[in-house]
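Q: sequence unknown, structure follows:
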């Protein structure tokens, strides 16, 4: 049990990212990770599953801004399809 606790404490220390960076003038600023998270030019890669196949997957990489535009277009298309449905025939 003691070995498990020591191992978990070691992993927690290694996996903990820096929270703040101190500049030469002594002021603390946000970590680089926060800056990168809000950067619209950072690259994000996602694994896309192909329709009709359980095995085929495709890795697609785009900038955060491009993913935002793609998600907005998909949302707009879905909403347009839901609003502009054809009338049901009786």
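A: Noted; the coordinates are in hand. Predicted model only: the values in this text are computed from it and were never measured.

Q: What pLDDT does the model give residue 84?
A: pLDDT for residue 84: 83.

Q: Can you tell me how far it is from residue 78?
A: Between residue 84 and residue 78 the computed distance is 11 Å (Cβ to Cβ, to the nearest Å). Quick note: C-beta positions are derived from backbone N, CA and C, even for glycine.

Q: These two - which one has more neighbours?
A: Taking other Cβ atoms under 10 Å, residue 84 and residue 78 do not tie; residue 78 has more neighbours (10 against 7).

Q: which helices and strands sit right next to the helix or strand encompassing the more buried one?
A: Secondary-structure element containing residue 78, defined by DSSP states H and E: helix 64-83. Packing partners of helix 64-83 (3 or more Cβ pairs under 8 Å, 6 or more residues apart in numbering; DSSP states H and E): strand 43-49.

Q: For residue 78, give me its contacts.
A: Not one residue lies near residue 78 by Cβ atoms under 8 Å, 6 or more residues apart in numbering.

Q: how far away is it from residue 38?
A: 27 Å.

Q: Kindly report the same for residue 69.
A: 17 Å.

Q: Compare the two and say which is more crowded by neighbours.
A: residue 69 (12 against 9).

Q: so how far is residue 75 from that one?
A: 11 Å.

Q: Which residues are in contact with each of the two?
A: What both residue 69 and residue 75 touch, as defined by Cβ under 8 Å, 6+ apart, is an empty set.

Q: which stretches of the protein aren't confidently modelled?
A: 1-35, 90 (pLDDT under 70).

Q: switch the cut-off to 90
A: Within the chain, the stretches with pLDDT under 90 are 1-38, 50-55, 81-90.

Q: Also compute the angle for the helix holding residue 78 relative to strand 43-49, please.
A: 40 degrees (axes from the mean of the first three to the mean of the last three Cα atoms, to 10 degrees).
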